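A.B. asks: Quick one: sequence and predicted model below, then my questions.
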Amino acid sequence: MEARLGERELSKLRWRCRRGLLENDLFIERFFSRHQETLTVHQARGLEALMDLADNDLLDLLLRRKEAQDLAELSDSPAVREVLTLLRQPPN
């Protein structure tokens with residue numbers, strides 16, 4: 001079983017995920033509301049990699065206008081793909 005993220009690490013990650021585009025923030029807030037209790041260290045690494053992107057590139061990924069392999073500055077790792085799938089889940 002993958003190690004879960006502790007409260008301190010989760011708090012730091014949430015702060016790190018604050019974005020300049022409201023649209024990105026909406027995806028990220030929905031992600032945290034659904035998955036913060038079960039977020040693993042592996043998933044946190046994938047999310048951190050996504051947060052290194054420019055806001056417009058991140059939005060293109062979230063809206064499926066691009067895929068992870070389309071962006072040279074993003075490592076197309078299993079962690080990135082897993083978190084991207086979770087971020088893209090439609091609202092309930």
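C.D. replies: Done, it's in. Since we're looking at a predicted model, the values are computed, not measured. Numbers count the residues shown, from 1 in each chain.

A.B. asks: which regions of the protein sit below the pLDDT cut-off?
C.D. replies: Along the chain, the model assigns pLDDT under 70 to no residue.

A.B. asks: If you count neighbours, what's buried in whichever helix in it runs longest?
C.D. replies: Counting by DSSP state H, the longest helix found in the chain is helix 22-35. By neighbour count with 16 or more other CB atoms under 10 Å, helix 22-35 contains the buried residues 24, 27, 28, 30, 31, 32, 35. To be clear about C-beta, it is placed using only N, CA and C from the backbone, and glycine gets the same treatment.

A.B. asks: so how far is residue 37 from the most centrally placed residue in the chain?
C.D. replies: In the chain, the residue lying closest to the centroid (CA atoms, centre = their mean) is residue 47, at 3.6 Å. Remark: distance between residue 47 and residue 37 (CB to CB, to the nearest Å) = 15 Å.
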